[in-house]
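Chemist: Have a look at this prediction, sequence included:
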Amino acid sequence: MPRRVWIAALSLWPGLPQVWSGQEVMGLILAGLFAATLNAAIVTHLIWTEAVSPALTTFVTALAAGTWVAGLAYTLWWVLRCHPERYRAEIEQLYREATEHYLRGRWNDARRRFEQILTMDETDADTLMHLGTLFLRTEQPDQARRAFRQCLELEGGTKWRWEIDQALARLGNG
């Protein structure tokens with residue numbers, strides 16, 4: 001099942017798709033806001049039925065529903081307009097260009113393209129690995145370490161573990 005479909009399915013609980021796709025802070029804000037409004041609606045409807053006015057109960061319920069709709073709308077907007085899959089063809093083109101520049105020794109052109117890819121998809125472990133290798137090649141050890149460590153933190157970075165461990169050992173940080 002494509003990642004976009006999973007994210008859309010997770011939209012039933014606001015914030016969950018954001019957490020799952022790497023936007024933890026936004027996801028926790030949405031989830032916390034929705035949970036608070038939903039809890040308030042449940043409490044006013046089922047527990048404090050006589051202590052709270054019907055107008056406040058209706059308002060809290062509408063607020064919970066509005067929070068859910070807003071979370072759903074934001075997630076669907078993000079999936080359709082901002083998700084990295086939307087830029088896949090452009091990312092692949094940039095990746096080919098970056099690799100070509102790297103092989104020809106045009107380090108700055110390759111670096112710029114790798115960084116463009118990361119602005120579109122910050123979870124691209126292959127690009128981070130190549131960027132770290134480029135920083136090694138251009139004798140920028142601190143930036144290489146940072147790129148390699150970011151790569152290892154990503155789900156797709158585990159396939160590069162051996163290569164990154166070797167590079168970090170050469171840099172003196174194994």
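Modeler: Received, thanks.
Chemist: give me the low-pLDDT residue ranges for the protein?
Modeler: Applying pLDDT under 70 to the chain flags residues 1-8, 21-22, 81-86, 173-174.
Chemist: how near is residue 116 to residue 76?
Modeler: 26 Å (CB to CB, to the nearest Å). Every residue, glycine included, has its C-beta placed from N, CA and C.
Chemist: for residue 19, same thing?
Modeler: Applying CB to CB, the value for residue 19 to residue 76 is 16 Å.
Chemist: what about those two, which has more around it?
Modeler: With neighbours defined as other CB atoms under 10 Å, residue 19 and residue 76 compare such that residue 19 has more, 17 against 14.
Chemist: Next up, the contacts around the more buried one.
Modeler: Counting by CB atoms under 8 Å, 6 or more residues apart in numbering, residue 19 makes contact with 27-28, 31.
Chemist: Which one (most neighbours) among these?
Modeler: Going by other CB under 10 Å, residue 27 tops these with 22 neighbours.
Chemist: Test my guess that that one contacts residue 17.
Modeler: Yes - with contacts counted by CB atoms under 8 Å, residue 27 reaches residue 17, the gap being 7.3 Å.
Chemist: So what's the residue count around the closest residue to residue 152 other than its chain neighbours?
Modeler: Closest residue to residue 152 apart from its sequence neighbours, by CB to CB, 6 or more residues apart in numbering: residue 164 at 5.8 Å. Using other CB under 10 Å, residue 164 is surrounded by 22 other residues.
Chemist: mind checking how far residue 164 is from residue 78?
Modeler: Per CB to CB, residue 164 is found 30 Å from residue 78.
Chemist: Give me the three-state assignment for the residue of the chain positioned farthest from its centre.
Modeler: Within the chain, the residue lying farthest from the chain centre (CA atoms, centre = their mean) is residue 50, at 44.3 Å. Taking DSSP: H, G, I helix; E, B strand; the rest coil as the rule, one finds residue 50 in the coil state.
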